[in-house]
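Peer 1: All I have is the shape, not the residue letters:
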């Protein structure tokens with residue numbers, strides 16, 4: 001199923017480095033719930049977690065459509081209450097964590113895969129069973145292509161010919177052919193979130209009866225419509241008899257219109273460790289400055305406004321080469337940079353109806369634009385040394401076995417304005433540095449390019465992250481040196497993703513854009529095996545820019561079935577130079593600030609999941 005449509009994918013919080021709303025003062029609460037094997041024996045205290053601006057949760061149902069498929073809805077919100085079938089993130093590595101998963105590791109035999117549930121409990125006392133997995137799969141089979149953000153043509157559920165719960169604890173799937181177990185586990189099974197029978201309803205009035213989705217795919221559309229409507233009414237989340245049924249370590253205590261939310265321990269949580277905090281608070285801020293002020297005003301003890309926040313990159317001291325972080329300007333906190341398992345880029349729309357689509361489809365034009373993106377200067381400048389080069393479709397951090405044995409390659413398009421000008425001139429363009437380059441020889445400019453067509457494009461980008469704004473200004477200046485005009489349009493993250501997330505196949509009106517930069521690129525969550533089918537395969541849900549290349553599709557197909565790493569290496573080498581998108585440096589997801597006395601926050605997971613059930617205060 002490969003999905004990181006806009007959830008994995010386009011890292012909602014990474015795209016913004018600010019925060020919004022009022023600051024809640026944490027108060028020490030009475031102990032409740034049990035303690036784990038380590039740390040204090042009883043839960044106590046409130047830990048407050050800062051959310052950047054515009055990243056407050058807006059969807060609670062863990063069957064998420066494209067429009068709501070974001071890190072903040074999944075990793076920062078839904079996962080606290082509703083656990084995926086398989087949990088990924090073991091320390092800083094983006095690998096399967098069997099201990100935090102609802103099922104034992106899958107067992108493969110030819111085209112069959114068997115899943116055995118551990119018997120965890122829902123908060124209403126029911127067991128998390130194989131039928132709960134069937135419920136989610138049936139819903140995907142019924143409405144997935146239209147309403148599941150991670151849909152990829154030909155993949156899950158189309159690549160499964162049979163799904164059967166053979167017992168309350170055991171589920172067997174038959175695949176349409178033999179796939180790589182690593183890929184099928186990491187990119188297909190990873191996306192399933194079992195759903196309780198309490199959700200298989202179409203009404204809350206009277207005595208709700210089963211909606212029938214668990215038993216029959218044909219009944220799922222009505223159940224989905226009901227649950228989707230319930231999820232969109234955030235004013236009722238904390239009171240809902242639907243969303244109060246959880247199997248994760250937390251349950252929602254309150255949710256406010258400003259996006260702030262509070263969680264308390266789920267006393268029925270079957271996993272370990274049990275929450276050590278009595279309360280977990282997510283608090284949004286209006287600006288970076290407001291969050292930074294809250295950090296600096298934090299005193300020791302539990303009355304501080306923020307326990308886990310972030311240092312705005314613009315306020316970070318330079319990071320010396322080879323060091324993890326520079327000197328921390330915030331007293332009483334530990335600075336721990338968090339980088340996501342992913343890549344950063346912005347799309348150029350191959351399907352643009354503005355008249356620029358034919359230009360964008362020319363590889364030489366994308367190469368010219370790539371030569372004008374000075375990644376190293378952005379890392380050393382506005383990122384203050386905190387950043388990673390994006391050199392292709394596979395992330396270079398953390399170190400994994402997915403890269404070639406020789407390690408991460410260098411930037412395939414290092415900053416070179418002269419090379420950009422030469423490429424354009426050699427393909428029939430009249431290059432006017434500082435002016436507007438136009439097509440002088442259409443036969444050389446490429447199919448569909450008009451005589452006299454100007455290299456002029458709109459480029460909306462997400463506001464709120466200082467280094468992204470600085471990067472865009474730098475790119476506009478560099479592009480001008482080749483006569484390329486980039487009309488920058490700063491706007492909120494949600495507006496940028498709405499522009500770049502349209503489906504041109506079904507709605508041609510949504511194709512009237514050239515480029516768009518939400519700032520955060522893509523995280524490989526919950527598609528942890530970086531094979532690229534979700535964002536780069538022809539027709540996939542997150543490939544909204546319409547990139548299509550037969551060789552790319554064929555190479556991706558090989559990565560899904562081969563047990564060898566060679567096809568993955570061959571594919572990433574090919575695609576890095578094909579520029580299906582414009583690579584840009586990956587900044588830190590955030591420069592995390594952890595209050596003194598709060599334990600268990602580090603190491604942070606590169607999958608961007610948070611585990612506040614592991615957090616605790618060193619003293620009461």
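Peer 2: Thanks, I have the structure now. Fair warning: this is a prediction, and the values are worked out from it, not measured in the lab. Numbering: from 1, shown residues only.

Peer 1: how near is the residue lying closest to residue 481 once chain neighbours are set aside to residue 330?
Peer 2: Nearest residue to residue 481 in three dimensions, chain neighbours excluded: residue 417, at 4.5 Å (CB to CB, 6 or more residues apart in numbering). Backbone N, C-alpha and C define where each C-beta goes, glycine included. Distance, residue 417 to residue 330, using CB to CB, to the nearest Å: 39 Å.

Peer 1: Next: residue 370.
Peer 2: Residue 370 is 37 Å from residue 330, by CB to CB.

Peer 1: Pick out whichever of those two has more residues nearby.
Peer 2: residue 370 (23 against 18; other CB atoms under 10 Å).

Peer 1: residue contacts, the more buried one?
Peer 2: Listed by CB atoms under 8 Å, 6 or more residues apart in numbering, the contact partners of residue 370 are 412-413, 579, 582-583.

Peer 1: try it again with 7 Å
Peer 2: Counting by CB atoms under 7 Å, 6 or more residues apart in numbering, residue 370 makes contact with 413, 579, 582-583.

Peer 1: give me phi/psi at it?
Peer 2: The phi/psi pair for residue 370 (degrees, to the nearest 10) reads phi -60, psi -40.

Peer 1: Need the per-residue pLDDT for it.
Peer 2: Note on residue 370: pLDDT of 98.

Peer 1: Next SSE downstream of the longest helix seen in the chain?
Peer 2: What stands out as the longest helix in the chain, according to DSSP state H, is helix 130-147. With elements assigned by DSSP states H and E, the helix or strand that comes after helix 130-147 is strand 160-167.

Peer 1: picking up where we left off before, can you lay out the contacts of residue 370 as TSV showing neighbour count?
Peer 2: Rendered in TSV, the data for the contacts of residue 370 read as follows (neighbours: other CB atoms under 10 Å):
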residue	neighbour count
413	22
579	20
582	20
583	24
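
Peer 1: Now for those: which two are most distant?
Peer 2: 413 and 582 (9.3 Å; CB to CB).

Peer 1: In strands, which of the contacts of residue 370 fall?
Peer 2: Residues of the contacts of residue 370 located in strands (DSSP state E): 582-583.

Peer 1: Nearest to residue 84 among the contacts of residue 370?
Peer 2: Taking CB to CB as the measure, residue 84 lies nearest residue 583 of the contacts of residue 370, at 29.2 Å.

Peer 1: What's the separation between the closest one and residue 523?
Peer 2: 15 Å.

Peer 1: And residue 43, by the same measure?
Peer 2: According to CB to CB, residue 43 stands 30 Å off from residue 523.

Peer 1: Compare those two (neighbour count), which wins?
Peer 2: For the pair residue 43 and residue 523, the greater number of neighbours falls to residue 523 (30 against 25), based on other CB under 10 Å.

Peer 1: Quick check on the nearest residue to the more buried one once chain neighbours are set aside: phi, psi?
Peer 2: Distance criterion CB to CB, 6+ apart; nearest residue to residue 523, sequence neighbours excluded, is residue 342 at 3.6 Å. Backbone geometry at residue 342, expressed as degrees, to the nearest 10, gives phi 180, psi -170.

Peer 1: go on, residue 517?
Peer 2: Main-chain torsions, residue 517, degrees, to the nearest 10: phi -130, psi 100.

Peer 1: ok, it - contacts?
Peer 2: The contact partners of residue 517, taken as CB under 7 Å, 6+ apart, are 346, 459, 461-462, 468, 472, 496.

Peer 1: and residue 488, bridged to which residues?
Peer 2: Taking DSSP bridges as the rule, residue 488 bridges to residue 459.

Peer 1: and it, how many neighbours does it have?
Peer 2: Neighbours of residue 488 (other CB under 10 Å): 14.

Peer 1: isn't it right up against residue 470?
Peer 2: No - in this structure residue 488 lies outside contact range of residue 470 using CB atoms under 7 Å: 11.6 Å.

Peer 1: Extract the residue ranges of this protein that are flagged as low pLDDT.
Peer 2: Within the chain, the segments meeting pLDDT under 70 span 1-42, 299-303, 405-408, 503, 505-506, 508, 620.

Peer 1: Could you name the helices and strands sitting against the helix or strand containing residue 290?
Peer 2: In the assignment (DSSP H and E), residue 290 maps to helix 288-297. Helices and strands touching helix 288-297, by 3 or more CB pairs under 7 Å, 6 or more residues apart in numbering; DSSP states H and E, are strand 308-310.

Peer 1: which residues touch the strand it packs on?
Peer 2: Residues contacting strand 308-310 (CB under 7 Å, 6+ apart): 47, 49-50, 291, 294-295, 590-594, 601.

Peer 1: follow-up on the earlier one: for the residue nearest to residue 523, which residues are in contact?
Peer 2: Contacts of residue 342 by CB under 7 Å, 6+ apart are 11, 395, 521-524.

Peer 1: Identify each of the helices in the stretch 501-620 of the chain and give its residue range.
Peer 2: 533-536, 550-561, 566-578 (DSSP state H, counting those that start in this stretch).

Peer 1: out of those, nearest to residue 72?
Peer 2: helix 533-536 (18.7 Å).

Peer 1: State the pair within the contacts of strand 308-310 that is farthest apart.
Peer 2: 47 and 591 (18.3 Å).

Peer 1: list the buried ones in the helix holding residue 290?
Peer 2: 288, 290-292, 294-295 (16 or more other CB atoms under 10 Å).

Peer 1: Let's have the contacts of residue 517 in a markdown table, adding neighbour count.
Peer 2: Output for the contacts of residue 517, formatted as a markdown table (neighbours: other CB under 10 Å):
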| residue | neighbour count |
| --- | --- |
| 346 | 27 |
| 459 | 22 |
| 461 | 25 |
| 462 | 27 |
| 468 | 29 |
| 472 | 23 |
| 496 | 25 |
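
Peer 1: ok, and the closest non-adjacent residue to residue 226?
Peer 2: Nearest one to residue 226, counting by CB to CB, 6+ apart, is residue 202 at 4.7 Å.

Peer 1: From what I see, the one you found and residue 223 are in contact.
Peer 2: Yes - taking contacts as CB under 7 Å, residue 202 lies within contact range of residue 223: 5.8 Å.

Peer 1: what residues are shared contacts of these two?
Peer 2: residue 211.

Peer 1: neighbour-wise, which of those two wins?
Peer 2: Between residue 202 and residue 223, counted using other CB under 10 Å, residue 223 has the larger neighbour count: 24 against 18.

Peer 1: before we move on, the earlier item: if we only consider the contacts of residue 517, which is nearest to residue 613?
Peer 2: Nearest member of the contacts of residue 517 to residue 613, counting by CB to CB, is residue 462, at 31.1 Å.

Peer 1: Kindly provide the distance from the closest one to residue 521.
Peer 2: For residue 462 relative to residue 521 (CB to CB), the value is 11 Å.

Peer 1: Please apply the same query to residue 599.
Peer 2: Residue 599 is 32 Å from residue 521, by CB to CB.

Peer 1: dump the residue contacts of residue 362.
Peer 2: So residue 362 contacts residue 446 (CB under 7 Å, 6+ apart).

Peer 1: Also the one 4 residues further on?
Peer 2: Contacts of residue 366 were listed using CB under 7 Å, 6+ apart, and they are 348, 579, 582.
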